[in-house]
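>>> following is a predicted model, sequence given first.
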Amino acid sequence: MRALTCILALGCVAISWSVASGDDELKQHNEVFHRWWGSDLELKLDKLPTQGTVAEDRMPYSGYYYPDTRGGVSNALRKYDMAFNGRRLKATAFEQWDTTAFTEPTQVERRAGLFGRRIIMETTIATPSWHGHCNGWSAATIRHSEPTKNVVQNGVTFTPADIKALLCELYMYTNYEELEGSSALVDAAGLHITLANWLGVKTHPIAMESDPGKEKWNFPVYGYESTVTKRGDKQVDVRTKLLYMYYSNGEYQQSPRNKRYKSFHYALNLDAEGKITNGFFYNDSARIDLLWVPLYPAKGGTKANSRGNPHIDVEAVLALWRKSVSDDAIAHWTNIDPKGESLLPPAPAPQIAEGANNAPVAPAAHTEPAATPTPTPAPEQPGTASSNSTTPSTTTTEGNTTPSGNGSAPSTPSAPNN
């Protein structure tokens with residue numbers, strides 16, 4: 001178990017990892033799997049499902065990645081401060097610092113010439129456009145069903161969009177288990193073993209830091225489909241479609257389900273018992289940085305989450321979430337490392353406000369930055385939904401390219417980003 005170490009802001013955060021390779025990485029993964037499931041990874045190819053997906057009611061929602069350049073989740077944190085911090089903007093101030101503290105040489109557009117008809121690119125020191133909360137959203141949507149009800153706390157109304165934003169912040173620098181990709185890109189054998197065991201056997205979603213490169217984008221993975229062709233007694237050719245959820249262009253009260261997929265083509269080598277030993281990717285295959293799974297969140301500012309926001313309380317945010325979903329949703333939601341989050345809300349019944357419209361919530365603009373916490377990077381992605389839009393429809397498209405704009409996907413866990 002490790003805490004995510006963000007190298008850049010989590011619009012998508014970049015993650016740094018320890019070095020482990022080959023048999024060592026598989027051994028570490030097996031220890032993780034046994035810790036949470038009480039059994040070893042299945043390595044025999046003919047015993048592994050060729051497809052798997054989470055249940056429909058367990059499907060991740062497409063949340064927003066809250067770019068640092070747009071103030072991150074400051075809007076929702078202002079409400080949190082009003083309700084829980086005696087109207088002192090402590091959590092908001094930390095977020096304003098966190099979303100402006102990490103800068104680097106960045107290409108920006110500038111209009112020039114008569115009537116600004118020419119666009120020239122200049123290099124300036126700024127927060128990169130891809131820094132945001134993609135890893136926070138990925139962890140939150142894996143561990144929690146989507147909030148559906150408004151909740152009133154200490155006179156402040158939290159909408160479903162507010163609660164999703166607070167969950168993003170709670171998991172921004174969360175603890176997680178790295179599954180594959182700790183030392184290099186995820187290899188062919190590690191990819192197949194991970195997808196087949198976590199999604200095929202256990203139907204538990206995982207997260208990926210997608211495309212290799214400087215920009216780091218994280219997404220929740222909800223399924224896979226493989227076609228296996230035998231090439232000999234000890235080798236097979238595999239084509240796998242990895243199914244994941246893409247972010248939305250704003251935080252909606254009722255989130256869309258923007259489905260994407262990445263296509264992989266690889267060979268797997270088997271031993272005499274039919275167990276996967278190693279493999280290799282073909283040139284027409286996608287590659288990814290990291291596969292990981294989030295754990296129960298630790299309080300910000302503690303040893304387990306030193307970069308997290310120290311002015312939000314884990315149990316307070318989880319209590320808001322529990323009050324915003326049905327008891328049935330909580331009772332049927334399975335997580336590794338569940339702890340108190342799976343408990344039903346305690347007696348007094350929550351005070352629920354009347355419904356909420358489904359317009360996306362505009363990301364907050366920067367106000368005065370605050371105080372002095374530790375830097376916390378976060379990659380992001382462009383785009384803000386129109387304030388009068390309704391829930392976007394679900395779409396499924398090929399996802400072997402990086403997200404539109406300057407983003408790429410999850411940070412690694414090279415340290416998950418976004």
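Arrived safely.
>>> okay, how far is it across stretch 281-295, tip to tip?
Separation of the first and last residues of stretch 281-295 by CA to CA, to the nearest Å is 30 Å.
>>> what residues sit buried inside it?
The neighbour-count check on stretch 281-295 (16 or more other CB atoms under 10 Å) flags 281, 285-295 as buried. (C-beta placed from N, C-alpha, C; glycine too.)
>>> out of the residues you listed, which sit inside helices?
Using DSSP state H, the subset of the buried residues of stretch 281-295 located in helices is empty.
>>> how about those residues in CSV, adding pLDDT and distance to Ile142?
Converted to CSV, those look like this (pLDDT from 0 to 100; distance: CB to CB, whole Å):
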residue, pLDDT, distance to Ile142
Phe281, 97, 26
Ser285, 97, 25
Ala286, 96, 21
Arg287, 96, 22
Ile288, 96, 16
Asp289, 93, 17
Leu290, 95, 14
Leu291, 97, 12
Trp292, 97, 10
Val293, 97, 7
Pro294, 96, 6
Leu295, 95, 10
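>>> now the lengthiest helix in the chain: mean pLDDT?
Longest helix of the chain, by residue count under DSSP H: helix 22-37. Averaging pLDDT along helix 22-37 gives 91.
>>> list the ones among the buried residues of stretch 281-295 that fall in strands.
Among the buried residues of stretch 281-295, the members found in strands (DSSP state E) are 281, 290-294.
>>> tabulate the residues you listed in JSON lines, adding columns for distance to Ala319.
Shown next, in JSON lines, are those (distance: CB to CB, whole Å):
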{"residue": "Phe281", "distance to Ala319": "45"}
{"residue": "Leu290", "distance to Ala319": "31"}
{"residue": "Leu291", "distance to Ala319": "31"}
{"residue": "Trp292", "distance to Ala319": "26"}
{"residue": "Val293", "distance to Ala319": "24"}
{"residue": "Pro294", "distance to Ala319": "19"}
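>>> of these, closest to Met208?
In terms of CB to CB, no member of these lies closer to Met208 than Leu291, at 5.4 Å.
>>> coming back round to it: tell me which residues in the longest helix of the chain are buried?
Buried, per 16+ other CB under 10 Å, within helix 22-37: 25-26, 28-30, 32-33, 36.
>>> from these, which is closest to Thr103?
Of all these, Glu25 has the smallest distance to Thr103: 33.8 Å, by CB to CB.
>>> still on that earlier bit, which strands or helices does the longest helix of the chain pack on?
On a contact count with 3 or more CB pairs under 8 Å, 6 or more residues apart in numbering; DSSP states H and E, helix 22-37 meets strand 175-180, helix 188-194.
>>> which one of these lies closest to Gly155?
Among those, the nearest to Gly155 by CB to CB is strand 175-180 (32.8 Å).
>>> and that closest one, what's its mean pLDDT?
Summarised as a single mean, pLDDT over strand 175-180 is 93.
>>> check contacts around the closest residue to Lys90 other than its chain neighbours.
Leaving out its chain neighbours, the residue that sits closest to Lys90 by CB to CB, 6 or more residues apart in numbering is His311, at 4.0 Å. By CB atoms under 8 Å, 6 or more residues apart in numbering, the residues touching His311 are 81, 85, 90-91, 93-94, 300.
>>> reformat the buried residues of stretch 281-295 as a markdown table; add distance to Asp46.
Listed next are these as a markdown table, based on distance: CB to CB, whole Å:
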| residue | distance to Asp46 |
| --- | --- |
| Phe281 | 22 |
| Ser285 | 23 |
| Ala286 | 25 |
| Arg287 | 26 |
| Ile288 | 25 |
| Asp289 | 29 |
| Leu290 | 28 |
| Leu291 | 23 |
| Trp292 | 28 |
| Val293 | 26 |
| Pro294 | 31 |
| Leu295 | 32 |
